[in-house]
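K.L.:
Need the 3D shape of this:
(2 chains)
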Amino acid sequence: MHGGDWYRGLGTLKSSGTKILSVAGDVARPGLYEYPFGVTIRQVLDDCGAVNTQAVQVSGPSGVCIDATEFGRRIAFEDLPTAGAFTVFDASRDMFEVARNYAHFFAHESCGFCTPCRVGTSMLVAAMDKIHAGNGTQHELREMNRLNRVLMMSAHCGLGHTACNPILDTMKRFRPAYERKLRSLEFTPSFDVDGALGRARMMTGRDDADAHLEAHP
Amino acid sequence: MNERPSFLLDGAEVAFEPGQTVMQAALAAGRYIPHLCYHPEFKPHGSCKVCTAKVDGRMMASVTPRN
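P.N.:
Sure, this is the predicted structure:
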């Protein structure tokens, strides 16, 4: 009807035309929204009736997770490129649990062809589950960063390359969500040595200070 | 002059026959690239990624790219 030149006039200089977003999550009106490229995250949130928004996952698990300070950013190839997924999380969501869910998703989706992704996504799940269970330390956070480098370098396809994205993004922007789950912000061994001596204490009928490791730091 | 084509592996020249993979050329030249899932008797699979190397600026399994 209007022709290609008209369509090209929509959007930004580098991203012409429109983009259809699939808006889901904590919003009053989820659904498909079509915008000219260059629309701000805030505009989309206002239109779909999102309140108390804590974070938006743009372009799905492999995409980018942004926080409220970045809602002025734009959907466009030069800022936030997207395949269309737009997932909204309000303040009631625990962003650590969001990332843990994505970690399970990637481990499930990994086809298993290449070793870095098959093993790496499972190691990611193990680390996230360990933190969830309250046994995580700074070591897990460092390991996940290291794992990301391995996957980026050696995974066969994009699934492995991007499997760590939701964890790294949320770790950067919502670090307290991770740290409050850690056993200690300082180093503590993941294995509870004193707890392991409990059986020996039971068998010897002892429970005095000398039978506990903490008595001898 | 009819020189054989070659590429650089860790700074040292390795000659290759057209159609050889990086791994085949390196092994033929007596250079070792660590590998697990590659075996000369079988078609290259490229799944274990132990032989990952930077080829033309991209990280990839040395058994899959052909010269």
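
K.L.:
Chain A: strands as residue ranges?
P.N.:
Here chain A has its strands, by DSSP state E, at A:18-25, A:31-36, A:53-58, A:64-67, A:85-90.

K.L.:
Pick the most buried one from those.
P.N.:
Using mean count of other CB atoms under 10 Å in any protein chain shown, the stretch among these with the largest mean neighbour count is strand A:53-58, at a mean of 23. In this view, the C-beta of every residue, glycine as well, is placed from N, C-alpha and C.

K.L.:
For that one, give the mean pLDDT please.
P.N.:
If you average the pLDDT over strand A:53-58, you get 98.

K.L.:
What helices and strands are in contact with it?
P.N.:
With contacts defined as 3 or more CB pairs under 8 Å, 6 or more residues apart in numbering or on different chains; DSSP states H and E, strand A:53-58 has these neighbours: helix A:41-48, strand A:64-67, strand A:85-90, helix A:95-109, helix A:165-173.

K.L.:
Those: which one's closest to A:Ile20?
P.N.:
Using CB to CB as the criterion, the shortest distance between A:Ile20 and the helices and strands packed on strand A:53-58 is 10.1 Å, found for strand A:85-90.

K.L.:
does any part of the helix or strand of chain B at the bottom of the mean pLDDT ranking sit near chain A?
P.N.:
Of all regular secondary-structure elements in chain B, judged by mean pLDDT, DSSP states H and E, the least confident is strand B:58-61 with a mean of 88. Yes - counting by CB under 8 Å from any CB of the partner chain, contacts between strand B:58-61 and chain A involve B:Met59, B:Ala61.

K.L.:
about what we covered before: to B:Leu9, which of the strands of chain A lies closest?
P.N.:
Distance to B:Leu9, taken as CB to CB, is lowest for strand A:64-67 among the strands of chain A, at 36.9 Å.

K.L.:
of the helices and strands packed on strand A:53-58, which approaches chain B most closely?
P.N.:
Judged by CB to the nearest CB, the one of the helices and strands packed on strand A:53-58 that comes nearest to chain B is helix A:95-109, at 16.9 Å.

K.L.:
tell me the angle the closest one makes with strand A:53-58.
P.N.:
Per axes from the mean of the first three to the mean of the last three CA atoms, to 10 degrees, the angle that helix A:95-109 makes with strand A:53-58 is 20 degrees.

K.L.:
hmm, back to that, of the helices and strands packed on strand A:53-58, which is nearest A:Ala76?
P.N.:
Across the helices and strands packed on strand A:53-58, A:Ala76 has its closest neighbour in helix A:41-48 (11.2 Å, CB to CB).

K.L.:
For the closest one, which helices and strands make contact with it?
P.N.:
Other helices and strands packing on helix A:41-48, by 3+ CB pairs under 8 Å, 6+ apart, are strand A:18-25, strand A:31-36, strand A:53-58, strand A:85-90.

K.L.:
any idea how far A:Met171 lies from A:His2?
P.N.:
Spatial separation of A:Met171 from A:His2 under the definition CB to CB, to the nearest Å is 45 Å.

K.L.:
Those two: which has the busier surroundings?
P.N.:
In terms of neighbours (other CB atoms under 10 Å in any protein chain shown), A:Met171 is the more surrounded of A:Met171 and A:His2; the figures are 20 against 8.

K.L.:
Could you count how many residues lie near the closest residue to that one other than its chain neighbours?
P.N.:
Among residues not flanking A:Met171 along the chain, A:Tyr178 sits closest, at 5.7 Å (CB to CB, 6 or more residues apart in numbering or on different chains). Residues near A:Tyr178, counting by other CB under 10 Å, number 21.

K.L.:
residue contacts, A:Tyr178?
P.N.:
A:Tyr178 makes contact with A:Phe96, A:Ile131, A:Leu141, A:Thr170, A:Met171 under the criterion CB atoms under 8 Å, 6 or more residues apart in numbering or on different chains.

K.L.:
can we see that at 7 Å?
P.N.:
For A:Tyr178, the residues meeting the contact criterion (CB atoms under 7 Å, 6 or more residues apart in numbering or on different chains) are A:Phe96, A:Ile131, A:Leu141, A:Met171.

K.L.:
Could I get those residues in a markdown table, plus columns for pLDDT?
P.N.:
Supplementary listing: these in a markdown table, determined by pLDDT from 0 to 100:
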| residue | pLDDT |
| --- | --- |
| A:Phe96 | 97 |
| A:Ile131 | 95 |
| A:Leu141 | 94 |
| A:Met171 | 96 |
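
K.L.:
hang on, isn't A:Thr170 packed against A:Met95?
P.N.:
Yes - between A:Thr170 and A:Met95 a contact is recorded at 4.8 Å, counting by CB atoms under 7 Å.
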